[in-house]
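Asker: Just the structure for this:
(chains A and B)
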Amino acid sequence: DTGVSQNPRHKITKRGQNVTFRCDPISEHNRLYWYRQTLGQGPEFLTYFQNEAQLEKSRLLSDRFSAERPKGSFSTLEIQRTEQGDSAMYLCASSLAILAGHEQYFGPGTRLTVT
Amino acid sequence: AQKVTQAQTEISVVEKEDVTLDCVYETRDTTYYLFWYKQPPSGELVFLIRRNSFDEQNEISGRYSWNFQKSTSSFNFTITASQVVDSAVYFCGHSGNTPLVFGKGTRLSVIA
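Answerer: Numbers count the residues shown, from 1 in each chain, chains lettered A, B, ... in the order given. Modelled structure (predicted):
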């Protein structure tokens, strides 16, 4: 396993459609994070999992956003009823949470364009 | 709330010059971690360094060095003898009792 992978890399959708993104973390990593990055900004934390448990989801941008990690391996991020303001890069990262503050390794991101 | 400020939005240097990227943070955590990441034009964030709040020793890795000063809440990053391949956006980050918070980044352009 060479790193975090994300699919698709690009997604163009029409306003009002639902989209789902997938993240496959580094295999031995038990923590998985989702971020959103807009132009000229740093990544903005959305949610994270330790194994299959979602430990923080209050930062999800609205109730249209949801994430799952059903078997503690890959994760999906779904956006329902997309809006143009959802256009951004969605980043996934993973880490090994043996010690707090362990560095996160990022995937290449999924670029979402809502037309 | 935790906050990370990277006051330099863009920096442009000529190849072989040294350059320092500034990072100032605000935190209420007594134990925390500071990070630097590089985002090259390809877009993927690359981890550079993690430093915990109890370790104020400066660190050097090749042409890269980091200066952590708790007294001024700063964690600055210096690239010595810059190269064109150093051109990227660099993000400073903080994590503690809250998830990782990033600054807005500094775009470094190294001109040949």
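Asker: all strands for chain A, in order.
Answerer: Along chain A, the segments classed as strands by DSSP state E run A:5-7, A:10-13, A:19-24, A:31-37, A:44-50, A:53-56, A:65-68, A:75-79, A:88-95, A:105-106, A:110-114.
Asker: Which strands or helices does the third one pack on?
Answerer: With contacts defined as 3 or more Cβ pairs under 8 Å, 6 or more residues apart in numbering or on different chains; DSSP states H and E, the secondary structure elements packing on strand A:19-24 are strand A:5-7, strand A:10-13, strand A:75-79, strand A:88-95, strand A:110-114. For the C-beta atoms, the positions are set from N, CA and C on the backbone; glycine is no exception.
Asker: Now tabulate those strands in a markdown table and tack on mean neighbour count.
Answerer: Shown next, in a markdown table, are the helices and strands packed on strand A:19-24 (neighbours: other Cβ atoms under 10 Å in any protein chain shown):
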| stretch | mean neighbour count |
| --- | --- |
| strand A:5-7 | 17 |
| strand A:10-13 | 14 |
| strand A:75-79 | 20 |
| strand A:88-95 | 24 |
| strand A:110-114 | 18 |
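Asker: Can you say which of the ones you listed is nearest to B:Asn76?
Answerer: With Cβ to Cβ as the criterion, B:Asn76 lies closest to strand A:88-95 of the helices and strands packed on strand A:19-24, at 23.9 Å.
Asker: pLDDT weak spots in chain A?
Answerer: Judged by pLDDT under 70, chain A has its weakly predicted residues at A:1, A:98-101.
Asker: Within range of chain B, give me the residues from it.
Answerer: A:33, A:40-45, A:48, A:56, A:59, A:89, A:91, A:93, A:100-109 (Cβ under 8 Å from any Cβ of the partner chain).
Asker: And these, which of them are buried?
Answerer: By neighbour count, with 16 or more other Cβ atoms under 10 Å in any protein chain shown, those hold A:33, A:42-45, A:48, A:59, A:89, A:91, A:93, A:101, A:103-109 as buried.
Asker: which parts of chain B sit against chain A?
Answerer: Residues of chain B lying near chain A (Cβ under 8 Å from any Cβ): B:4, B:31-33, B:35, B:37, B:42-47, B:50, B:52, B:91, B:93, B:95-96, B:99-105.
Asker: For chain B, which helix or strand comes out least confident on mean pLDDT?
Answerer: strand B:59-61 (a mean of 88; mean pLDDT, DSSP states H and E).
Asker: for the helix or strand following it, which positions count as buried?
Answerer: Downstream of strand B:59-61, the first helix or strand assigned by DSSP states H and E is strand B:64-69. Neighbour-count burial for strand B:64-69, counted by 16+ other Cβ under 10 Å, picks out B:64-68.
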